[in-house]
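Asker: model the structure of this input:
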Amino acid sequence: MIDNHTPGMILSSQEAIIMARITISIPEDLLGFIDSFATERELNRSNAVAELVRKARKRDLEAELERGYKEMAEMNLQEARQAFAVQAEVVLNDKTW
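Answerer: You can find the predicted model right below:
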């Protein structure tokens, strides 16, 4: 835990987060959006941009996970179909029934 923090550093849940200072150029309509977003949430521009980037990163991760889950579901379905044919043959040829 840090009691005092230096400029460029913020505290989040008792952990120090070092902030990097950058300069960017963006179209004025996007700046207007950022300012509106920040005002609605009582944030400064830096925190508004950070929140928007975190949300975009989260959406990207969720989309990647969804693609992976769908791919695994298709693979599992194919394996189940292959196993079903073999299991059906064993059951149909089982004379103990």
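
Asker: and stretch 58-71, how far out from the chain middle?
Answerer: Distance of stretch 58-71 from its chain centroid, counting by CA atoms, centre = their mean, to the nearest Å, is 8 Å.

Asker: can you check stretch 47-67 too?
Answerer: For stretch 47-67, the distance to the chain centre is 5 Å (CA atoms, centre = their mean).

Asker: quick one, phi/psi of the residue nearest the centre of the chain?
Answerer: The centre of the chain sits closest to K58, judged by CA atoms, centre = their mean, with a distance of 2.7 Å. K58 adopts backbone torsions of phi -60, psi -40, taken as degrees, to the nearest 10.

Asker: all numbers from here: first residue = 32
Answerer: Sure, I'll start counting at 32 from here, so that last one is K89.

Asker: tell me the helix or strand right after the helix or strand bottoming out on mean pLDDT in the chain.
Answerer: Lowest on mean pLDDT, DSSP states H and E among the helices and strands of the chain sits strand 40-43, with a mean of 59. Where DSSP states H and E defines the elements, the next helix or strand beyond strand 40-43 is strand 46-49.
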